[in-house]
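> no letters, just coordinates:
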């Protein structure tokens, strides 16, 4: 079972699929929730880092999430024995292309790369990981609403369980029949409740968002102070200018 899962994990996460039609769900805002980010890091390392690298991130940077170096070494180092190493996997891009036709994408900045007209990158990731369903017509046995015909199997299926997608035929605005998604139907339950699974996916999404720009919260805080400083400076300059020209006749 472990060997089969390892093989399936070698399929690219975001590849070979149409990206239109499904309205993305709003991802919870958890960037200031340290516990959520730590949970997301653990899930990422356990379920994503088997084949997807994050070559712009070092394990040691996770201390910014409140983890100690000892905690990182004991709980998160599976592909290396040094906390200062980058989050890489053993499989090279060349091997990925040779074995599967495409290299699994690096996830360092996937949350920023997936931002587009359909919504933000976090919304995309959150929706993607929550909309898998069984599809026997696909090579992996899975399909996805947010990314139809995605080549990646549902690596979190044991947590979420298995579901079928129920479609109904309706009349479109032009009067023609439309095959439209209606709901999911549970086939077998997972080890998590739906609420627990959604929370776990939100945590993974938050971690990937943080990883894409670890300093973004600091940048935002500095930006607020800069704007306050400029606002106060503007008012003082404006009043000083008025006082100066008042004496000029």
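Thanks, I have it. Just so it is clear, the structure is predicted and the values come from calculations on it, not from any experiment.

> where does the chain dip in pLDDT?
Along the chain, the parts satisfying pLDDT under 70 run over 1-21, 96-97, 99-102, 117-118, 248-249.

> name the nearest residue to residue 28, ignoring sequence neighbours.
Leaving aside its chain neighbours, residue 28 sits nearest to residue 202 (4.5 Å; criterion: CB to CB, 6 or more residues apart in numbering). The way it works is simple: take the backbone N, C-alpha and C, and place the C-beta from them, glycine included.

> and the contacts of the strand ranked longest in the chain?
Longest strand of the chain, by residue count under DSSP state E: strand 177-189. Residues from elsewhere that reach strand 177-189, judged by CB atoms under 8 Å, 6 or more residues apart in numbering: 22, 133-134, 145, 161-172.

> in it, what's buried?
Neighbour-count burial for strand 177-189, counted by 16 or more other CB atoms under 10 Å, picks out residue 184.

> quick one: strands adjacent to that strand?
The strands beside strand 177-189 in its sheet (DSSP bridges) come out as strand 161-171 (antiparallel).

> how about the strands in the protein?
54-58, 86-87, 132-134, 142-144, 161-171, 177-189.

> need those in TSV (columns: distance to residue 107).
Below are the strands of the chain laid out as TSV (distance: least, CB to CB, whole Å):
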stretch	distance to residue 107
strand 54-58	5
strand 86-87	9
strand 132-134	18
strand 142-144	17
strand 161-171	25
strand 177-189	26
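
> which of those strands sits closest to residue 75?
Each of those has some distance to residue 75 by CB to CB; the shortest is strand 86-87, at 14.2 Å.

> name every strand pairing with that closest one and say which way it goes.
Short version: by DSSP bridges, strand 86-87 pairs with strand 54-58 (antiparallel).

> buried residues, stretch 69-78. List them.
Using 16+ other CB under 10 Å as the test for burial, stretch 69-78 gives 72, 76.

> so how far is that stretch off the chain centroid?
22 Å (CA atoms, centre = their mean, to the nearest Å).

> likewise for stretch 220-239?
34 Å.

> list the buried residues in stretch 36-46.
Neighbour-count burial for stretch 36-46 flags 36, 37, 38, 39, 40, 41, 42, 43, 44, 45 (criterion: 16+ other CB under 10 Å).

> just to revisit the earlier point, the residue nearest to residue 28 reaches residue 126, doesn't it?
Yes. Applying CB atoms under 8 Å as the test, residue 202 and residue 126 come out as touching, 6.4 Å apart.
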